[in-house]
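Engineer: Okay, structure incoming, though there's no sequence with it:
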C-alpha cells in the first residue's frame, strides 16, 4: 500500500511538472462572452430560452492546447403556459480548449472545448403549486426549487484576431446537468397533469465575446 501511494505521488508530481514547465513561459488568456441559452429535450417543456454570460481563463499548456477555468450564468425564463418560475443556473468548470483548425497566431481559428465541474440551479422566485382544493395554503402551496450537482459541456468557437492581444469570437456549446426525478418533482407539481418527469437539464448556448492577453 505504501509503495502504491509513493508511486501515485511520484506520477502526480511528474504530470504537474510536465504541465507547469511550458505553462511557466506561456501566457494566460481571459475570455468574456454573452448571448442566448436555449433549453432542449424535456427541459424545454419546463422553461423558455434566456440569456447567458460567461468568463473563462485559459492557460496555454501546449502549442495547440489550453487548460481552462470558467464560470457561466444562465437565466431561463418561465414557461409561457405553465407555472414554472424563472430559473438561474451557475456553472463552474475546468476543461481543455484545443485548436482544431488554423494556427494560434493565424487570423481565424476554430477551437473545440470539453469541460466538467459543478452546477447550482435555483428558482428566481417562489412559485405556486397546482392544488385540487379551493383553499390556498401559502406554507404548502408557495414553494421554491434548488439543486446542486455536476455538470459537463462541449463546444466549438470561431476566434478571429490572430496574434493580437484582443481577439473576438463566436461560440456554440452544449450543456448537460443531471437532476434526478425526486429533486425536480416540485417543478412538475406546478402542472402535474401537463409536465412529464424531468431527469436532466440540457441546453445549448450561442455566444459572442472577446478574449484578451497581457
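Structural biologist: Great, that's in hand. Note that the coordinates shown come from a computational prediction; the quantities given were computed from them, not determined experimentally.
Engineer: Give me the below-cutoff pLDDT ranges for this structure.
Structural biologist: Along the chain, the parts satisfying pLDDT under 70 run over 1-26, 131-140, 163.
Engineer: For it, which segments count as helices?
Structural biologist: 2-25, 43-46, 138-141, 181-188 (DSSP state H).
Engineer: Can you name the residues in contact with the second one?
Structural biologist: The set of residues that contact helix 43-46 without belonging to it, under CB atoms under 8 Å, 6 or more residues apart in numbering, is 38-39, 79, 82, 84, 187, 195-196, 198, 200-203. (C-beta placed from N, C-alpha, C; glycine too.)
Engineer: Among these, which lie within strands?
Structural biologist: By the criterion of DSSP state E, membership of the contacts of helix 43-46 in strands covers 38-39, 200-203.
Engineer: which one of the residues you listed has the most neighbours?
Structural biologist: residue 201 (27 neighbours; other CB atoms under 10 Å).
Engineer: separation between that residue and residue 39?
Structural biologist: For residue 201, the distance to residue 39 equals 7 Å [CB to CB, to the nearest Å].
Engineer: Quick check: neighbours shared by those two?
Structural biologist: Common neighbours of residue 201 and residue 39 (CB under 8 Å, 6+ apart) do not exist.
Engineer: coming back round to it: pick the one among the contacts of helix 43-46 closest to residue 120.
Structural biologist: residue 201 (11.5 Å; CB to CB).
Engineer: mind checking how far that closest one is from residue 27?
Structural biologist: Per CB to CB, residue 201 is found 35 Å from residue 27.
Engineer: swap in residue 97?
Structural biologist: According to CB to CB, residue 97 stands 14 Å off from residue 27.
Engineer: higher neighbour count, the two?
Structural biologist: Just comparing residue 97 and residue 27: by other CB under 10 Å the higher neighbour count belongs to residue 97, 25 against 11.
Engineer: give the contact list for that one.
Structural biologist: Neighbouring residues of residue 97 by CB under 8 Å, 6+ apart: 58, 65-68, 111-113.
Engineer: go again using 6 Å as the cut-off
Structural biologist: 58, 66, 68, 111, 113 (CB atoms under 6 Å, 6 or more residues apart in numbering).
Engineer: How about it, nearest residue that isn't a chain neighbour?
Structural biologist: Nearest in space to residue 97, with sequence neighbours left out and distances taken as CB to CB, 6 or more residues apart in numbering, is residue 66 at 4.3 Å.
Engineer: next one: residue 82
Structural biologist: Using CB to CB, 6+ apart, the closest residue to residue 82 is residue 191 (4.5 Å).
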